[in-house]
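[1] One predicted model, sequence on top.
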Amino acid sequence: MRDGLAQRRQARRVEVLRQGLALCGRGLARQLRGWMEDIQIVCVTPKPLCSLTESEYWVTRRQRIQYDQPLIAEFARHFGKPRFDVKVDPETRTIQQIEVQRDSFCGCARYVAEQLIGCPVDEAPEKTGLLHHHYPCWASMGIDPDFSDTLMHVSGNIFKDEISEQIKPYRQINYLVPGSSSPESGDTTDQ
């Protein structure tokens with residue numbers, strides 16, 4: 001019964017969209033992967049959806065599952081874990097252009113990329129998170145026990161990490177030294 005549909009349809013792969021516990025919890029996802037593996041069908045259950053790449057996906061904060069299935073990999077080249085190519089003006093340190101190399105399932109990566117044009121690089125990670133949060137993302141806002149956070153926040157952090165990595169060479173990081181004044185105040189005497 002459980003694998004009859006996949007066999008009747010001569011499926012070669014199954015993708016299960018998991019954006020919250022109500023739809024497909026950890027146990028059901030594990031069962032589906034096992035059932036499909038028994039009949040030589042690759043089944044991927046990324047959580048969140050925007051963790052899917054051409055070769056792996058997340059199921060918990062620390063667990064990634066590798067897979068090898070060309071059709072899913074081809075799909076994941078276009079949709080899944082966002083991938084950007086960011087161009088920054090080195091003089092103004094603002095984002096000039098973003099090419100979306102892989103969009104998220106819901107289209108949020110394209111939206112974020114459009115909204116970040118002209119953004120100063122030092123503000124881009126925070127703005128990325130806010131833009132993601134205001135987009136109608138498919139991730140749930142309930143606390144997921146596998147992440148100890150909402151999948152919306154996990155997904156937003158995936159976006160922020162990707163943008164942060166792209167703009168890293170252009171960011172200015174200011175360090176505070178205890179016992180000294182900030183350079184902006186003009187007082188550089190140690191106390």
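    Cool, the structure landed.
[2] Phe61 contacts Asp144, correct?
    Quick fix: residue 61 is Arg, not Phe. No. In this structure, Arg61 sits apart from Asp144 without contact. The criterion is CB atoms under 8 Å, and the distance is 9.3 Å. Glycine gets a C-beta too; all of them are placed from N, C-alpha and C.
[3] Neighbour count for those two, which is higher?
    A side-by-side neighbour count of Arg61 and Asp144, using other CB atoms under 10 Å, places Asp144 first with 25 against 11.
[4] where does the chain dip in pLDDT?
    Per-residue confidence of the chain (counting by pLDDT under 70) places the weak regions at 1-23, 181-191.
[5] so which helix or strand takes in the spatially most central residue of it?
    Relative to the mean C-alpha position of the chain, the nearest C-alpha, by CA atoms, centre = their mean, is the one of Ile158, at 3.2 Å. Using DSSP states H and E, Ile158 maps to helix 151-167.
[6] hmm, back to that, identify the residues contacting the residue nearest to the centre of the chain.
    For Ile158, the contact set (CB atoms under 8 Å, 6 or more residues apart in numbering) comprises 48, 50-51, 81-82.
[7] likewise Thr60?
    Thr60 makes contact with 26, 47, 146-147 under the criterion CB under 8 Å, 6+ apart.
[8] all strands for this structure, in order.
    For the chain, applying DSSP state E gives strands covering 13-15, 42-44, 56-58, 64-66, 83-89, 94-102, 143-144, 149-150.
[9] Can I get the ones you listed in TSV including distance to Asn174?
    Supplementary listing: the strands of the chain in TSV, determined by distance: least, CB to CB, whole Å:
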stretch	distance to Asn174
strand 13-15	44
strand 42-44	42
strand 56-58	33
strand 64-66	34
strand 83-89	18
strand 94-102	18
strand 143-144	34
strand 149-150	28
